[in-house]
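Engineer: this is a predicted model, with the sequence first.
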Amino acid sequence: MKKIPLVLFVIIFIAAAALFIVKSQNKKQTLSPSASSPQPSADISNKIDDDALKNALNAYAQAKQKGTDLSNGPCLGLVASDWIADITHNPRQPVDDKEENQCSEFRSGQAKHFIELDPDGKLIRSQ
């Protein structure tokens, strides 16, 4: 059995290490940006405005702190220019699609986008 020259061994080792690093970086890119941020469900198709999302989560926290009953899906109101936040069931139920259960700012056209959170403050969808 012939011995592999040291140079060849080093080259193979470096190539294997580089491949491992590249694969690790690709996995990191597919993970969510923050473990503490809400995990969107698969039906989110539009990019959420970062400020609107932060404000929606703040509105949720304030409502929760005030003791607001979130189980019946209240509107949290305007959270950014052209964005409202609304609480809905998760999974969504037909009652969530009724016009009378949507935020008045959305129905009137004052806001064209919405962020839906469930009663636990988790992101359901946005549009």
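Structural biologist: The structure has been received and is ready for your questions.

Engineer: the chain: helices as residue ranges?
Structural biologist: Using DSSP state H, the helices of the chain run over residues 6-30, 50-66, 104-107.

Engineer: what about the first one, average pLDDT?
Structural biologist: Helix 6-30 carries an average pLDDT of 55.

Engineer: again with the last one
Structural biologist: The average of the pLDDT scores along helix 104-107 is 92.

Engineer: mind exporting it as CSV, just the C-alpha atoms?
Structural biologist: Below are the C-alpha coordinates for helix 104-107, written out as CSV (Å, rounded to 0.1, in the frame of the first residue of the first chain):
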residue,chain,number,x,y,z
SER,A,104,-63.3,49.2,9.6
GLU,A,105,-60.2,50.9,8.2
PHE,A,106,-59.7,48.0,5.8
ARG,A,107,-63.4,47.9,4.8
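
Engineer: could you shift the numbering so residue one becomes 36, and keep it that way?
Structural biologist: Done: numbering now begins at 36, and the last item shifts to helix 139-142.

Engineer: okay, buried residues for it please.
Structural biologist: Neighbour counts over helix 139-142 (16 or more other C-beta atoms under 10 Å) mark 140-141 as buried. C-beta coordinates here come from the backbone N, C-alpha and C atoms, glycine included.
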